[in-house]
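# model this:
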Amino acid sequence: MAPDHGPRLPVEQDEILGPQDQLRDAIVTGRFQPNEHLVEADLARILGVGRHAVRTALARLEQEGLVEHVRNRGSKVRLVEPREAVEILEARAVLEGLAARYAAARRSEADLEQLREILEDMRRLLDDGDLLGASDKNAVLHLRLTEISLHATTARLISTLKSQLVRYQYRTILLPGRSEHSFAEHRAIVEAVAAGDPDAAEAAMRTHLSHVAEALREAAGHD
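I've put the predicted structure just below:
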């Protein structure tokens with residue numbers, strides 16, 4: 001690890017997050033890249049903790065699928081290949097479908113207003129040609145639906161799976177025509193949740209993420 005990695009973990013986060021959370025954030029946000037080696041001594045200095053705390057954090061992140069231990073070489077950020085990314089999306093389709101089902105049963109009028117505002121923001125960004133910004137709003141909408149579901153176990157599993165897909169965050173939205181299909185799918189999800197129809201909400205979410213998986217296969221085939 002190069003010495004200039006120090007600034008990658010902001011001081012203000014040190015006061016809020018523990019070593020595991022800080023390292024997870026650094027991986028998920030791309031500060032540490034796939035296959036990048038994570039040297040315990042350097043991380044201990046950056047985080048201001050002992051090497052035992054770093055070792056424990058790395059072991060837990062390995063369980064989450066973010067870090068890989070290489071024999072005789074230490075730890076590195078795990079690289080998720082396209083085939084596995086598609087499998088992760090397929091698993092997310094089941095879990096997020098369940099979250100959408102619960103969201104349809106538990107949403108409030110305030111929740112629906114927030115979901116519609118996110119859709120409006122997504123529409124505006126698409127109209128402005130900001131596909132990456134629209135993709136970010138996509139992630140916000142998914143997160144909000146999971147929060148509305150009030151299903152803690154599903155939320156935890158979804159979070160773990162999503163963190164492994166950071167490398168593919170913007171891959172599918174850039175495919176020709178995909179952005180408009182994605183918007184229509186998200187609108188269908190919100191409409192089903194607003195209608196209080198758990199079956200339709202779950203089906204809409206599963207359909208959406210199955211299409212994302214198909215788009216990722218296509219994008220990977222173009223690499």
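
# Verify the stated contact: residue 22 with residue 47.
Yes. Between residue 22 and residue 47 there is a contact under Cβ atoms under 8 Å: 6.1 Å. Bear in mind the C-beta positions are built from the backbone N, C-alpha and C, glycine included.

# give the contact list for the most centrally placed residue in the chain.
Ranked by distance to the mean C-alpha position of the chain (Cα atoms, centre = their mean), the top residue is residue 162 at 3.3 Å. Residue 162 sits next to 92, 139, 142 when contact means Cβ atoms under 8 Å, 6 or more residues apart in numbering.

# Next, format these as TSV and append pLDDT, secondary structure and distance to residue 36.
Listed next are these as TSV, based on pLDDT from 0 to 100; DSSP: H, G, I helix; E, B strand; the rest coil; distance: Cβ to Cβ, whole Å:
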residue	pLDDT	secondary structure	distance to residue 36
92	96	helix	25
139	92	helix	23
142	96	helix	27
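
# which one among those residues gets closest to residue 130?
Residue 130 lies nearest to residue 139 out of these, by Cβ to Cβ, at 14.2 Å.

# how much space is there between the closest one and residue 129?
According to Cβ to Cβ, to the nearest Å, residue 139 stands 19 Å off from residue 129.

# Check residue 137 too.
In this view, residue 137 and residue 129 are 14 Å apart by Cβ to Cβ.

# more neighbours, those two?
Comparing residue 137 with residue 129 by other Cβ atoms under 10 Å, the one with more neighbours is residue 137, at 22 against 9.

# What about that one? Give its phi and psi, please.
For residue 137, the backbone dihedrals are phi -70, psi -30 (criterion: degrees, to the nearest 10).

# Work out for me the element the residue lying closest to it once chain neighbours are set aside sits within.
Closest residue to residue 137 apart from its sequence neighbours, by Cβ to Cβ, 6 or more residues apart in numbering: residue 122 at 4.3 Å. Residue 122 is located in helix 109-127, with elements delineated by DSSP states H and E.

# per the record, what domains does the chain have?
The chain breaks down into these domains under automatic domain parsing: 3-77, 82-222.

# Confidence-wise, which of these is weakest overall?
When those are compared on average pLDDT, domain 3-77 comes out lowest at a mean of 79.

# My guess is residue 103 contacts residue 142. True?
No. With contact defined as Cβ under 8 Å, residue 103 does not reach residue 142; the gap is 10.6 Å.

# Which positions in stretch 127-144 come out as buried?
For stretch 127-144, a neighbour-count test (16 or more other Cβ atoms under 10 Å) marks 131, 133-138, 141-144 as buried.
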